[in-house]
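J.: Could you look at this predicted model? Sequence included:
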Amino acid sequence: MDSHFLNEPNGFDMSRIIAGLRDLTRETADKPLELSLKAVPVIGQVTATAGASVLLKAGDSELTNRSAMKIRNLSPYLVKIGPTSVNAIYQDGIPIDPGATLTISFDPATAVSVYARSQGGAATLEVIEL
């Protein structure tokens, strides 16, 4: 094996991968972040447990005419979300890994509720509704 390859069991040239990631980061960092707001965002936290599903909302109630929701899993537990509060969320829910963020777009004219359940202990979720 060539000396420029790092001692990785799979033989990948990690230095080339790392250089590629640095280039990608530089390209991304040079581009300004854009956010188009049509309403004042509402930001809050909810706690999802392995028991009953919790309604995801940033404030006291779901934001009327919301166009998007961003959910960030602040916990060490996998969380699944779905459109109903029934137990099926365990099998059919969309997973959000620990530390991950999911963005959902909505038709503002249609009210859609989103629920969450933790697959472990109490999971804190940061919720932003726009």
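T.: Okay, I see it. Residues are numbered from 1 along each chain as shown.
J.: tell me which element Q91 falls in.
T.: helix 89-92 (DSSP states H and E).
J.: Which positions in that helix come out as buried?
T.: I89 (16 or more other CB atoms under 10 Å). No exception for glycine: its C-beta is placed from N, CA and C like everyone else's.
J.: then that helix to PDB, C-alphas only?
T.: What follows is helix 89-92 as a C-alpha-only set of coordinates in PDB (Å, rounded to 0.1, in the frame of the first residue of the first chain):
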ATOM      1  CA  ILE A  89     -45.800   6.100  15.400                       C
ATOM      2  CA  TYR A  90     -43.400   3.500  16.900                       C
ATOM      3  CA  GLN A  91     -43.400   1.400  13.700                       C
ATOM      4  CA  ASP A  92     -44.200   4.000  11.000                       C
END
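J.: and after that helix, which helix or strand comes next?
T.: Using DSSP H and E, the helix or strand that directly follows helix 89-92 along the chain is strand 94-96.
J.: Partner strands of that following strand and their direction?
T.: With DSSP bridges as the test, strand 94-96 is paired with strand 79-82 (antiparallel).
J.: A58 reaches L130, doesn't it?
T.: No. A58 lies out of contact with L130 (CB atoms under 8 Å); the separation is 9.5 Å.
J.: Please enumerate the shared neighbours of those two.
T.: 41, 69 (CB atoms under 8 Å, 6 or more residues apart in numbering).
J.: returning to what we had before: which secondary structure elements does the helix holding Q91 sit against?
T.: Helix 89-92 sits against strand 79-82, strand 115-118, with contacts defined as 3 or more CB pairs under 8 Å, 6 or more residues apart in numbering; DSSP states H and E.
J.: Fine, thanks again, bye for now.
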